[in-house]
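> fold the following, please.
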Amino acid sequence: MRFDTLGLYAAYGEQKRVSLREAASLDGFIDEMRKEATEALASDTFVHGQRTEALFERIVAELGTCRVLKHEDAGEVFYRLDGPIQPADFRVVLDDGTERLIEVKNFRSRNGQNDFGFKTSYLESLEAYAKVMGRELLIATYWVHANRWTLVSPSRFARQGDRRTIPLIEALTQNEMHLLGDLFIGSRSPMKFRIVSDPTEPRRVEEDGAATFTIKCCELWSEGRLITSPAEQKLGTFLYLYGDWEILESPMHAEAGEVIYVEHHFGLDEEISCQERNGFEIVGVLSSMISRRHALATSEGGEVHGIRAPFMPGEVLDMIPEDYRGEALPIFRHRVHPKRSE
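Residues are numbered from 1 along each chain as shown. Purely as a prediction, here's the structure:
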């Protein structure tokens, strides 16, 4: 923060033509920062845009397969070219050593069917910067209503007047998120989250069906297997909290009028289940799970109260390493590549 703050203060001093050593200059700078921060927080569009950039940064870092992620649009840019250029938000060095420039946007559709797009002039300025830098440009879009990320080449955006647009279905078909280590994760349904009562404390079921008990422990089960490995427990909890499976039922098990445990069974409804045919069910996409976790950490009651949240780089990669072999929790990983042009 020392460098960022001094950089902002220096820019303020240059703009106002004042000495940074004067106490009045510092007071004026603090007042200006308070005004800018207040105006920024009043703009939901700006706040959500900054939050989405922070989320993308977190996704790439937690997936842990890229060598380097760097803000590309930080600082001044000086250039001598015929037309305008716009640096992309990030530069990414992939695991194979190649680089990509990535522009990050979020899109909140009102009806789930609107196409996402840019003004053609803006996209062309991004492409011009990428061309000068000799790097491929990709557009990362967070489709808020679907909680899905796509990573698509600008060439996939169709021209519509003065805009370049793409619908969600086309973006998913051409999605390159696998480059960043994104995976579809599957497992066996149902999984069970069991809350076990303490037998040394009162736990009797009353005549009206109510029961008060003290929790002894919590357990995770995969089908009929108790998950005992700490690593598998951590992964199972992650899938339970942030995956797409729903709670199907929450039965209570009682014996002799006492609560033994309460369970949440989560998975997919039999009407839409493919487990009998495929041998597993898709729990969700890693980038979507990380997004759901970030949303819970930075908002409350539908209101955003933070842009960033603490996280551990490489955490998701460590939970599901390439050589993962579950003892009780089977995992099916699917790396989905885009449809190639004929």
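> measure the closest residue to I85 other than its chain neighbours to L94 for me?
The shortest distance from I85 to any residue that is not its chain neighbour, by C-beta to C-beta, 6 or more residues apart in numbering, is 4.1 Å, and that residue is Y129. The way it works is simple: take the backbone N, C-alpha and C, and place the C-beta from them, glycine included. Taking C-beta to C-beta, to the nearest Å as the criterion, Y129 is separated from L94 by 19 Å.
> those two - which one has more neighbours?
For Y129 and L94, the more surrounded residue by other C-beta atoms under 10 Å is Y129, and the numbers stand at 23 against 15.
> hang on, that one packs against P87?
Yes. If you go by C-beta atoms under 8 Å, Y129 and P87 touch, sitting 5.3 Å apart.
> what touches both of those two?
Shared contacts of Y129 and P87, defined by C-beta atoms under 8 Å, 6 or more residues apart in numbering, comprise L101.
> which stretch of helix or strand covers T165?
With elements taken from DSSP states H and E, the one containing T165 is strand 163-166.
> from the chain's centroid, how far away is that strand?
For strand 163-166, the separation from the chain centroid amounts to 24 Å (computed by C-alpha atoms, centre = their mean, to the nearest Å).
> same check, this time on stretch 189-202
If you compare the mean C-alpha spot of stretch 189-202 with that of the full chain, they lie 31 Å apart, counting by C-alpha atoms, centre = their mean.
> swap in stretch 217-234?
Stretch 217-234 sits 25 Å away from the centroid of its parent chain (C-alpha atoms, centre = their mean).
> please renumber the chain so that the first residue is 32 from this point on.
Okay, residue one is now 32; in that scheme the one you just asked about reads as stretch 248-265.
> flag every buried residue along that stretch.
By neighbour count, and taking 16 or more other C-beta atoms under 10 Å as the criterion, the buried residues in stretch 248-265 are 250-253, 256, 258, 262-264.
> hmm, who's touching it?
Contacts of stretch 248-265 from elsewhere in the structure, counted by C-beta under 8 Å, 6+ apart, are 218-219, 221-227, 267-268, 271, 350, 357-361.
> swap in stretch 308-316?
The set of residues external to stretch 308-316 that reach it, using C-beta under 8 Å, 6+ apart, is 179-180, 208, 213-220, 270, 273-276, 298-299, 304-306, 361, 363, 365.
> let's go with 10 Å and repeat that
178-180, 206, 208, 213-222, 269-271, 273-276, 297-299, 303-306, 320, 322-323, 361-363, 365, 367 (C-beta atoms under 10 Å, 6 or more residues apart in numbering).
> any idea how far apart the tips of it sit?
Using C-alpha to C-alpha, to the nearest Å, the gap from the first to the last residue of stretch 308-316 comes to 20 Å.
> related to what we said a few turns ago, of the contacts of stretch 248-265, which belong to helices?
For those, membership in helices holds for 267-268, 271, 350, with DSSP state H as the criterion.
> which among these count as buried?
In terms of neighbour count (16+ other C-beta under 10 Å), the buried residues within the ones in helices among the contacts of stretch 248-265 are 267, 271, 350.
> returning to what we had before: give the other helices and strands that the strand holding T196 contacts.
When contacts are defined as 3 or more C-beta pairs under 10 Å, 6 or more residues apart in numbering; DSSP states H and E, strand 194-197 sits against strand 147-150, helix 151-164, strand 167-174, strand 189-191.
> for ChimeraX, what selects the buried ones among the contacts of stretch 308-316?
Typed into ChimeraX, the next command selects the buried ones out of the contacts of stretch 308-316 (criterion: 16+ other C-beta under 10 Å):
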select :178,179,180,206,208,213,214,215,216,217,218,219,220,221,222,269,270,271,273,274,275,276,297,298,299,306,320,322,323,361,362,363
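> tell me which of the contacts of stretch 308-316 fall in strands.
179-180, 215-218, 222, 297-298, 363, 365 (DSSP state E).
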